[in-house]
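K.L.:
The sequence isn't on hand, but the structure is:
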């Protein structure tokens, strides 16, 4: 403990020294940690760029993350005002042998981020432009925009894009790992929409790439490993405004029945109609059931005011505790499913939020029961730390995703139909609790994996816990791993991009 306190004191002293460097004259020989001279960097940035140091409100806001488990540690934060500011910051970091990490929505909870123990955070929030092309078919989108902001800007022009579903998540981050969204049944993944992108490479070069670049394949699925995307040109579409949802709350006693019907009702077989999505959550709600977690099952349909009974009647036959039918627009989807800006998943509370994702082709009712019982024992323990935990089951229409060949991008799991992940929210309380959570989360995932019949574990890199391997994140086929390694050696031989689910 004494050594830990000494290390903290030394770190705080280094931060204080760094803060002082911001004000020294250009000619001063003042020394910052690792020879950081913020004045030297500031002189190369645009007049809209900002630099934050520890102790400032700007720094605290920039480094705040949704999950406080193994976060990256920054010595300074640079907020670029232009794409060239990213170039200059990466070059500066390279010159000073400083690690760097680009951030935006800060919802990636992967523990590999904790390997960054100092360095430069490049906070992209100012790069939030949206420029719709004159033909109305594409838009240039800044690398720092959030999903909600992009949706609102496009909505005002009668347009929409495939984005992630949660309003506070960045647009580009999910896309670099593939990117699931409400519209993927029509058009494919977020990354399938990209036409070109401006990328700052590991050496600080700003380049524009498209389908003619060998890097294009890797950026759409494993992009965190190869560059910082400062802007992207993406396909956009005419919007369909009206949506309907049916929310059914079931007792946990009905786990097998609910998911057997989901399998039999065209919801999990990869040919679910393109206008349909289904989600479900497990969570503890004592107002509905004081003894165990409930199942909240959502059926969402596009272009209607009432969900077609052909999809809902089999579930009503089970006998839900309660139900609610709502109609509205695309803008209502996040609030209906509890992931709007106002909802808990968009709050940065200082808690740990690890997930243990797995892709499935269909539900195994026996496995669902087993993991439900484990989850129930966690969240209904009155003295336990997991009262806010959530189990997520995301069932999107897959037809647009499967329309692309399996080898089209570095995203490897187009043949899977369901994205499943326990979210074990808890307050940090030392390494023993962290280890316990990792053990339970992986136990749950292993049960689902064994029940899937798959020969290899498939995990969504954007939800990854961090103890998975590149074969799990990016596909176990030898050709996939070889291609990623070859591109890594070419574009990032010194592994400057090595903190988010590294390919090696």
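P.N.:
That came in fine, so what should we check first? In this text, all values refer to a predicted model and were calculated from it rather than measured experimentally.
K.L.:
Assumed residue 312 was part of a helix.
P.N.:
Yes. Using DSSP: H, G, I helix; E, B strand; the rest coil, the assignment for residue 312 is a helix.
K.L.:
if I pick it, what's in contact with it?
P.N.:
246, 248, 299 (CB atoms under 8 Å, 6 or more residues apart in numbering). The C-beta positions use only the backbone N, C-alpha and C, and glycine is treated the same way.
K.L.:
Now, these that are in helices?
P.N.:
Per DSSP state H, helices hold no members of the contacts of residue 312.
K.L.:
nearest to residue 234, of those?
P.N.:
Residue 234 lies nearest to residue 299 out of those, by CB to CB, at 28.4 Å.
K.L.:
Can you tell me the closest non-neighbouring residue to that closest one?
P.N.:
residue 246 (4.7 Å; CB to CB, 6 or more residues apart in numbering).
K.L.:
Equivalent analysis for residue 118, please.
P.N.:
Using CB to CB, 6+ apart, the nearest residue to residue 118 is residue 75, at 4.9 Å.
K.L.:
And for residue 64?
P.N.:
Using CB to CB, 6+ apart, the nearest residue to residue 64 is residue 348, at 4.6 Å.
K.L.:
Please work out how many residues are found near the one you found.
P.N.:
15 (other CB atoms under 10 Å).
K.L.:
what's near enough to touch it?
P.N.:
64-66, 106.
K.L.:
Pick out the most distant pair among those.
P.N.:
The widest separation within these (CB to CB) is 8.3 Å, between 64 and 66.
K.L.:
shared neighbours, these two?
P.N.:
In contact with both residue 64 and residue 66: 106, 348, using CB under 8 Å, 6+ apart.
K.L.:
With neighbour numbers in mind, choose between those two.
P.N.:
residue 66 (22 against 14).
K.L.:
element containing that one, please.
P.N.:
Using DSSP states H and E, residue 66 maps to neither a helix nor a strand.
K.L.:
Can you check which helix is longest in this structure?
P.N.:
Longest helix in the chain, counting by DSSP H: helix 431-452.
K.L.:
Please pull up the helix or strand immediately following that one.
P.N.:
helix 470-474.
K.L.:
And the average pLDDT for that following helix is what?
P.N.:
Helix 470-474 carries an average pLDDT of 98.
K.L.:
what do you get for stretch 301-317?
P.N.:
Average pLDDT, stretch 301-317: 96.
K.L.:
about what we covered before: for the residue nearest to residue 299, list each beta-bridge partner.
P.N.:
residue 299, residue 325 (DSSP bridges).
K.L.:
wait, which of the contacts of residue 312 is closest to residue 214?
P.N.:
Nearest member of those to residue 214, counting by CB to CB, is residue 299, at 42.0 Å.
K.L.:
Next, work out how far apart the closest one and residue 94 are.
P.N.:
As judged by CB to CB, to the nearest Å, residue 299 and residue 94 stand 50 Å apart.
K.L.:
Those two - which one has more neighbours?
P.N.:
Using other CB under 10 Å as the criterion, residue 299 and residue 94 rank with residue 299 on top: 24 against 15.
K.L.:
these two touch, right, the more buried one and residue 311?
P.N.:
Yes. In terms of CB atoms under 8 Å, residue 299 counts as a neighbour of residue 311; the distance is 5.3 Å.
K.L.:
Identify the contacts common to these two.
P.N.:
In contact with both residue 299 and residue 311: 246, 267, 276, using CB under 8 Å, 6+ apart.
K.L.:
Count the neighbours of the residue lying closest to residue 444 once chain neighbours are set aside for me.
P.N.:
Counting by CB to CB, 6+ apart, residue 444 lies nearest to residue 371, which is 4.8 Å off, once chain neighbours are set aside. By the criterion of other CB under 10 Å, residue 371 has 22 neighbours.
K.L.:
helix, strand or coil for residue 371?
P.N.:
Going by three-state DSSP: residue 371 is helix.
K.L.:
who are the neighbours in contact with it?
P.N.:
Counting by CB under 8 Å, 6+ apart, residue 371 touches 391, 422, 444, 447-448.
K.L.:
can you put the residues you listed in JSON lines and add pLDDT?
P.N.:
Shown next, in JSON lines, are the contacts of residue 371 (pLDDT from 0 to 100):
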{"residue": "391", "pLDDT": "98"}
{"residue": "422", "pLDDT": "98"}
{"residue": "444", "pLDDT": "98"}
{"residue": "447", "pLDDT": "98"}
{"residue": "448", "pLDDT": "98"}
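K.L.:
Just flag the most distant two among those.
P.N.:
Among the contacts of residue 371, 391 and 447 lie farthest apart (CB to CB), at 12.4 Å.
K.L.:
which of the two has more neighbours?
P.N.:
The neighbour comparison of residue 391 against residue 447 (other CB under 10 Å) goes to residue 391, with 24 against 19.
K.L.:
buried subset of the shared contacts of residue 299 and residue 311?
P.N.:
246, 267, 276 (16 or more other CB atoms under 10 Å).
K.L.:
closest to residue 217 among those?
P.N.:
residue 276 (30.2 Å).
K.L.:
Touching, that closest one and residue 304? I think so.
P.N.:
No. With contact defined as CB under 8 Å, residue 276 does not count as touching residue 304 (10.1 Å).
K.L.:
for the stretch 201-350 of the chain, what spans make up the strands?
P.N.:
For the stretch 201-350 of the chain, strands defined by DSSP state E, counting those that start in this stretch occupy the ranges 206-209, 228-235, 237-238, 242-250, 276-283, 294-302, 322-329.
K.L.:
Give me the residues contacting the first one.
P.N.:
For strand 206-209, contacts defined as CB under 8 Å, 6+ apart pick out 83-84, 86-87, 196-201, 215-216, 219, 230.
K.L.:
Please list only the buried members of the residues you listed.
P.N.:
83-84, 86-87, 196-201, 215-216, 219, 230.
K.L.:
Of the buried ones among the shared contacts of residue 299 and residue 311, which is the nearest to residue 362?
P.N.:
For these, the nearest to residue 362 is residue 267 (9.3 Å; CB to CB).
K.L.:
in the protein, which helix or strand is least confident?
P.N.:
helix 2-21 (a mean of 38; mean pLDDT, DSSP states H and E).
K.L.:
tell me what the helix or strand following it is packed against?
P.N.:
Next along the chain after helix 2-21, taking DSSP H and E as the criterion, comes helix 38-42. Packed against helix 38-42 by the contact rule (3 or more CB pairs under 8 Å, 6 or more residues apart in numbering; DSSP states H and E) you find helix 2-21, strand 50-52, helix 83-95.
K.L.:
Check which helix or strand the closest residue in space to residue 130 that isn't next to it in sequence maps to.
P.N.:
In this structure, residue 130 finds its nearest non-sequential neighbour in residue 153, 4.5 Å apart by CB to CB, 6+ apart. Using DSSP H and E, residue 153 falls within helix 147-156.
K.L.:
mind listing the strands for the stretch 51-200 of the chain?
P.N.:
Going by DSSP E, counting those that start in this stretch, the stretch 51-200 of the chain shows strands at 76-79, 100-103, 120-123, 130-132, 138-142, 159-160, 194-200.
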